[in-house]
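[1] I would like to see how this sequence folds:
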Amino acid sequence: MANKNISIPAQGLVFEIESLTTPDTWLPIGGIKTINRGEVAPGVNDESVLTSTYKEKSISLPDAGQFSGTLQYNRADVGQAEMHTAKATGVEANFRQVLSSGDVEAFSGYVLNMPFTANIGQSLEGQFSVEINGEPGWS
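    Okay, here's the model as predicted:
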């Protein structure tokens, strides 16, 4: 029996930021080339005592990590401009990624950086990093 392919194509993924001034208005972040949906392993606490015969451990709080990637850098893009505003003001913003399968991950976070590089004969390439705050939700 052949294995069934369960892959979700990356092509068609949309990353959006909620307008900082108009709630429930989602602005697509244009020019996304790659994304990295990282997670951070929770810390492991050593709970061993002198009478322990093996290490005794507990796990700290889950950390949703960061959402980062690369894009075609253009401050005229409304989504990228909104990310710059969120970074400059230090406000927590709402984000969502919509997969090509229709699954949606929503989360809030802080834009940490949006640097870009320039090379001769090439378009500006930017990077972005969002520190996720709290628990993301999937629908």
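
[2] top strand in the chain by residue count?
    Looking across the chain with DSSP state E, the single longest strand is strand 125-138.

[3] Partner strands of it and their direction?
    strand 66-72 (antiparallel), strand 104-113 (antiparallel), strand 116-117 (antiparallel) (DSSP bridges).

[4] of all those, which gets the most neighbours per residue?
    strand 66-72 (a mean of 19; mean count of other CB atoms under 10 Å). For the C-beta atoms, the positions are set from N, CA and C on the backbone; glycine is no exception.

[5] Find the residue at the geometric middle of the protein.
    residue 67 (1.9 Å; CA atoms, centre = their mean).

[6] gap between that one and residue 132?
    Here residue 67 is placed at a distance of 6 Å from residue 132 (CB to CB, to the nearest Å).

[7] that's a helix at residue 87, yeah?
    Yes. Counting by DSSP: H, G, I helix; E, B strand; the rest coil, residue 87 is located in a helix.

[8] ok, it touching residue 113?
    Yes. The pair residue 87 / residue 113 is scored as a contact, 7.2 Å apart, by CB atoms under 8 Å.

[9] which stretch of helix or strand covers residue 80?
    helix 78-89 (DSSP states H and E).

[10] following that helix, which helix or strand comes up?
    According to DSSP H and E, the helix or strand after helix 78-89 is strand 93-98.

[11] Could I get the CA-only coordinates of that following strand as PDB?
    As requested, the backbone C-alpha atoms of strand 93-98 are provided in PDB (Å, rounded to 0.1, in the frame of the first residue of the first chain):
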ATOM      1  CA  ALA A  93       0.000  43.600  17.500                       C
ATOM      2  CA  ASN A  94      -2.200  40.800  16.300                       C
ATOM      3  CA  PHE A  95      -1.000  38.500  13.500                       C
ATOM      4  CA  ARG A  96      -2.300  35.600  11.600                       C
ATOM      5  CA  GLN A  97      -1.000  33.200   9.000                       C
ATOM      6  CA  VAL A  98      -3.400  31.500   6.600                       C
END
